[in-house]
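> Structure for the following, please:
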Amino acid sequence: MTLERWTIRLRRAVDWRLALTGALAWALMLPAVAAPWLDSHRDWRVGVVLQAPYVEQSTRGPWLEGADIAFMNLLANQTGARLSWRVYPTLAALDAAADRGEVDVAPGMRQTPSSLHHWLFSLPYLRIPSKLVGFRAESADVVELDRLSLSERLAIDRGSDAWSFVERNYPELTRLPQASDRQALLAVIQQQAEYAIVDEARLATLLKEPAFVSLAVVGDIGYTHLLRVAVRKDWPALPPLIDQAISQLPPEPMARLQADWLRPNYPRLIDSVAFWQRLFLALALAFCALVALWLISRRDNRRAAARLLAAWQELESRSAAESDLRLAQFSIDNSTVGILWVSWDSRIRYANRTAAGLLGDEGDDLLARRLAELEPLLDNHTWLDAWNRLRTRQEIQSFETQCRRTDGQSLTVSVSLSFLQFGATEYLVVYLNDITERHRARAALAESEARYKSMASNVPGMVFRLQMPRDGASARLSFVSDASQPMLGYEPDVVRSWPQGWRQAVFGDDLPGYLAAREQAVAEARDWAWQGRLSHRDGHPVWVDLRASVRADDDGGLAWDGIVWDISQSKQHELQLAESRSQLRSLAAHLESVREEEKTRIAREVHDELGQILTVLRLETSMCELGFAHLDDKLAERLGNMKKQIENTFQIVRDVASALRPPVLDAGLGSAIEWQARRFEQRSGIPCLVSVPETPLHLADAQATGLFRILQEALTNVLRHAEASTVSIGLSARDQQISLSIADDGKGFQPGSQPAGRRSFGLVGMRERVLLMGGELEIDSNPGHGTTLVVRLREEQP
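This is a model prediction of the structure:
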């Protein structure tokens, strides 16, 4: 880039910053001065230059019409202003009138360094893209400037911004200067040029003329110019008011204004016969599918009803069979509890088979025997005392004892006594349970607890049990292994005496996390996991990993059995690893910045240096062809082949430069996204829906380049893996936050999973790139439901 271009860019940047500073200052003063100032300046003298479709003389009467006229009428309705019109032959005459104070406002103006000497400007209210126009073709391929050969000529209005854009970004292309957009289209009609570049608004008017009916839009050059309202320089309070009025304009009138004046009549899909044929076929197939689904659903409902009826009948039969079985089991003396009916004289009047088996009697040998024969300690006085007490209080008495079997052996049983009156006869019902196995289990439990304590003392961690009573009392440590002494410096008895369990030893800063983890474990009755620091007896913190399993306690509360591991050394390694990762990420950010700068430098050198060399080579070849081709046919053929090779090399140079850094990035991230979407559509055939702000975003070069690279990687993933039919791309800025979203309707995937045998770093690279820019990346995807990728980051001014 030459010194002159840098000077122009610096001057524009300074002018933009001065304008932005003035706008912010007046925005702060606006609430105080807006209403009185506007009340005293309701009459606006509007200056315009006749140029269709912005301003033109109406064919229906002596008045003006056009896009700028309609917009100013909307603005006047919004602000209550009264308009009077002044028509000038040229923009220079309009600028001179503003300097003389004859004009107050002028719509449809473009902000340039020269115009800032005459006007103040509002924010843009319309974006007018420049289109590439050529003869209609049956092919739907989009023509791009970087794909044009050097022999194809472009007709462009010499005074338009499109001329400067093409001259700056595509200097190798052949440009034919024209006096106006009409002359550019006539050059294409007269075959003086293959294509013309005209803005979309002018194109909406010119394509209506019969002379240009054979022309059509064949591509977009990726450049748009912004229309603003210019205000005389001694009215600095008006631009903020106009900005506010523009932001409050309803979208419907603005859309109608663009449709009426600025948008060409492109062919509509509904006008195609093939569209209606395909629609009819799709509806017919959908109807057939619905009928088939209805028939299948009807058949399945009938089958389900039949199966439900059969299941209900089977349940009824099972219920009847189970009732019969319960009655049969009830009538059979097969209880696992021994039952004795004892009369007042302590004689046994009834014994079931279980009781007879427990006491070692068969048949009816047990009947009429006294309880004293089974329980030697039960004498007549004790028996009568128990009889009277149970008869009076109607309570159940339970105890454990050793009874004597008929073979002389002892049997440990659990005895429950209750009083029963059956008709006129009174009995004590004795329930016997053999608890020999229970006693053995108790002994085994005592032995198991001893082994548990022995094992706990040898585990490298500190074993504990924390109990939480059901009545909501404080948690307490019922068991702590001997490892508490080397880990925390406290004896187990001291730790168990802590009234609030581990809370008493938690290091100060980690207490909220400890309480949150414990409360969640208590509320959900789930296992407990926590990492943090406990205070050693000498005051230094000890990093621990607490893991405990929950179980229901005997009293209805909760108990957690677990181990506390000393992870101080591993935690130190973890912190060192985190620091190392942070340093690696900083190094990766630096390398990425260096790589992007190197790409930019190489792209410029390839574009400028090789472009100049190839241009000189092409000119030398052409001179050789003009001077010597007629002397030798073979020489002419060789020179023609050399020219073709030079053209191919030009295309390769452009492709390499665009791959390294597309020049459209200099026009803003929004234009670069639209350019990349069009290239993706051309390469893949997948439609791309693009939504970008009308006002260009002023981002740091690193942010713009990073977002553009993420978009390229996402579109590459869509092309390779998604099998999508449409892609949506959105760029938005709100509250100093930039958001870029890419969504497709493809087959989707399960985030976090990776097919076996395939290693892919695309998502990893995008996530790391976002982290380097200080943003966040969200991926929402499910198999069969498409994928949505959203990047959010804070806006940084360049």
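
> Okay, and the beta partners of Arg547?
Ala529, Ile563 (DSSP bridges).

> which SS class is the nearest residue to Ser568 once chain neighbours are set aside?
On the basis of Cβ to Cβ, 6 or more residues apart in numbering, the spatially nearest residue to Ser568 that is not a chain neighbour turns out to be Trp543, at 4.3 Å. All C-beta atoms are positioned from the backbone trio N, CA, C, and that covers glycine. Three-state call for Trp543 (DSSP: H, G, I helix; E, B strand; the rest coil): strand.

> Give the bridge partners for Trp543, please.
Arg533.

> doesn't Arg533 make contact with it?
Yes. With contacts counted by Cβ atoms under 8 Å, Trp543 reaches Arg533, the gap being 5.6 Å.

> what's near enough to touch the residue nearest to Ser568?
531-533, 566-568, 570-572 (Cβ atoms under 8 Å, 6 or more residues apart in numbering).

> how close does Arg720 sit to Phe422?
Using Cβ to Cβ, to the nearest Å, Arg720 is found at 87 Å from Phe422.

> typo on my end, it should be Glu447
With Cβ to Cβ as the criterion, Glu447 and Phe422 are 46 Å apart.

> for Phe212, same thing?
116 Å.

> cool, Thr354 as well?
Taken as Cβ to Cβ, the span from Thr354 to Phe422 is 20 Å.

> Next up, phi/psi of Tyr88, please.
When read as degrees, to the nearest 10, the backbone of Tyr88 gives phi -130, psi 150.

> ok so, going back, among the contacts of Trp543, which lie within helices?
Among those, the ones falling in helices (DSSP state H) are 568, 570-572.

> which of the residues you listed are buried?
Listed as buried from those are Lys571; burial here means 16 or more other Cβ atoms under 10 Å.

> for the ones in helices among the contacts of Trp543, which one is nearest Leu697?
Ranked by distance to Leu697 (Cβ to Cβ), the ones in helices among the contacts of Trp543 are led by Lys571 at 43.6 Å.

> Wait, a strand at Thr412?
Yes. Secondary structure of Thr412 (three-state DSSP): part of a strand.

> Next up, the contacts around it.
Counting by Cβ under 8 Å, 6+ apart, Thr412 touches 400-402, 434-436, 439.

> What is the neighbour count of Pro486?
By other Cβ atoms under 10 Å, the residues close to Pro486 number 9.

> Name the SS class of it, please.
Classified using three-state DSSP, Pro486 is helix.

> contacting residues around it?
So Pro486 contacts nothing (Cβ under 8 Å, 6+ apart).

> for Glu375, helix, strand, or coil?
coil.

> check contacts around it.
Neighbouring residues of Glu375 by Cβ under 8 Å, 6+ apart: 401, 403-404.

> and the strand ranked longest in the chain, which strands flank it?
Counting residues, the longest strand found in the chain (DSSP state E) is strand 215-232. Note on strand 215-232: by DSSP bridges, its sheet partners are strand 105-109 (antiparallel), strand 119-121 (antiparallel), strand 126-135 (antiparallel).

> deepest of the ones you listed, which one?
Highest mean neighbour count among the strands paired with strand 215-232 (mean count of other Cβ atoms under 10 Å): strand 105-109, with a mean of 26.

> So, low pLDDT: which residues of the stretch 201-350 of the chain?
In the predicted model, the stretch 201-350 of the chain carries pLDDT under 70 at residues 263-275, 325, 328-334.

> now the helices for it?
238-247, 251-257, 273-331 (DSSP state H, counting those that start in this stretch).

> Out of those, the one nearest Glu776 is which?
helix 238-247 (28.9 Å).

> related to what we said a few turns ago, of the contacts of Glu375, which is the nearest to Val692?
Thr401 (90.7 Å).

> who's in contact with that closest one?
Contacts of Thr401 (Cβ under 8 Å, 6+ apart): 375, 377, 412-413, 415.

> Give me the phi and psi for it.
According to degrees, to the nearest 10, Thr401 has phi -160, psi 170.

> Which pLDDT does the model give it?
On pLDDT, Thr401 comes in at 78.

> Bridged to it, which residues?
Partner residues in beta bridges with Thr401, using DSSP bridges, are Val413.

> Next, work out how far apart it and Ser410 are.
In terms of Cβ to Cβ, Thr401 sits 10 Å off from Ser410.

> Contacts only, for Trp85.
Taking Cβ under 8 Å, 6+ apart as the criterion, Trp85 is in contact with 46, 48, 64.

> if we can go back for a sec, select, from the contacts of Trp543, the two members most distant in space.
Gly532 and Gln572 (14.8 Å).

> What are the boundaries of the helices in the stretch 501-650 of the chain?
Counting by DSSP H, counting those that start in this stretch, the segments of the stretch 501-650 of the chain that form helices are 511-524, 568-605, 611-628, 633-660.

> Lowest mean pLDDT across these, which one is that?
Looking at the helices of the stretch 501-650 of the chain, the bottom one is helix 568-605 with a mean of 67.

> Turn the strands paired with strand 215-232 into CSV, columns for mean pLDDT.
Output for the strands paired with strand 215-232, formatted as CSV (pLDDT from 0 to 100):
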stretch, mean pLDDT
strand 105-109, 92
strand 119-121, 92
strand 126-135, 88
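
> between those, which gets nearest to Leu763?
The nearest among the strands paired with strand 215-232, by Cβ to Cβ, is strand 126-135 at 33.3 Å.

> need the next SSE after that closest one, C-terminal direction.
strand 153-157 (DSSP states H and E).

> mind listing what that next one pairs with, with the direction of each?
For strand 153-157, pairing defined by DSSP bridges yields strand 174-178 (parallel), strand 195-199 (parallel).

> Between those strands, which one is closest to Ala305.
Checking these against Ala305 by Cβ to Cβ gives strand 195-199 as the closest, at 68.9 Å.

> Need the residues that contact stretch 568-578.
Contacts for stretch 568-578 (Cβ under 8 Å, 6+ apart): 542-543.
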